[in-house]
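Visitor: Give me coordinates for this.
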Amino acid sequence: MAVPHYTYLVLKMPSPAGVLSLRANLFVAYACKTKSLALTEATNLSIQMASVVTEAKTEPTDDMEIPELELPHASAKSKEVKEVGLGLDDASKIVKIGAHLDPK
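Guide: Take a look at the predicted model:
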C-alpha cells in the first residue's frame, strides 16, 4: 500500500527491494497547481458566460436597453446656509456653512 506524505511531496510504497520513495519537485508542483486553478477559473467563467448568453436571448430587447441618465436641474441645488457661532466672547464672530456659497 502506498503512503503519500503531502508535506514533503514524497510517495512511499513497498517494493521487493525495500521501501520505494518517489520524490516530487516543489516548484513544479506549485506551477502545476497554479495552472490547474487558472484553468478551473477559466472553465467556470466560460460556463457562466454561456448561461448568461442563453438567458439574454430569452429577454425582450426592450428590457435590455440602458436608460439615459437625467441631469439634475439647476433649481435642485440647495440654497440653505447655516450660520454657526465660533464660541468666542464676541457674538459677531460667525461662520456660514453651505454647499453653494459665493467664494467672497
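
Visitor: Could you use CA atoms for every contact and neighbour count after this?
Guide: Noted.

Visitor: Could you spell out the sheet neighbours of the helix-or-strand element of the chain with minimal mean pLDDT, each with its direction?
Guide: Least confident helix or strand of the chain, by mean pLDDT, DSSP states H and E, is strand 3-5 with a mean of 79. Strand 3-5 pairs in its sheet with strand 10-15 (antiparallel), by DSSP bridges.

Visitor: The partner strand: how far from the chain's middle?
Guide: 43 Å (CA atoms, centre = their mean, to the nearest Å).

Visitor: Only alpha carbons, please: show that strand as CSV.
Guide: In CSV, the C-alpha atoms belonging to strand 10-15 read as follows (Å, rounded to 0.1, in the frame of the first residue of the first chain):
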residue,chain,number,x,y,z
VAL,A,10,7.0,12.0,-1.2
LEU,A,11,5.2,8.9,-2.1
LYS,A,12,6.4,5.7,-0.3
MET,A,13,5.4,2.2,-1.3
PRO,A,14,6.7,-1.3,-0.6
SER,A,15,8.8,-3.0,-3.2
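
Visitor: Quick one: mean pLDDT for the helix or strand just after it?
Guide: Next helix or strand after strand 10-15 toward the C-terminus (DSSP states H and E): strand 18-23. Averaged across strand 18-23, the pLDDT comes to 89.

Visitor: Could you do stretch 53-72 as well?
Guide: Stretch 53-72 carries an average pLDDT of 79.

Visitor: who touches it?
Guide: Where contact means CA atoms under 8 Å, 6 or more residues apart in numbering, no residue beyond stretch 53-72 reaches it.

Visitor: Now do the SS call for residue 36.
Guide: The assignment at residue 36 comes out as helix when based on DSSP: H, G, I helix; E, B strand; the rest coil.

Visitor: can you tell me how far it sits from residue 18?
Guide: Using CA to CA, to the nearest Å, residue 36 is found at 34 Å from residue 18.
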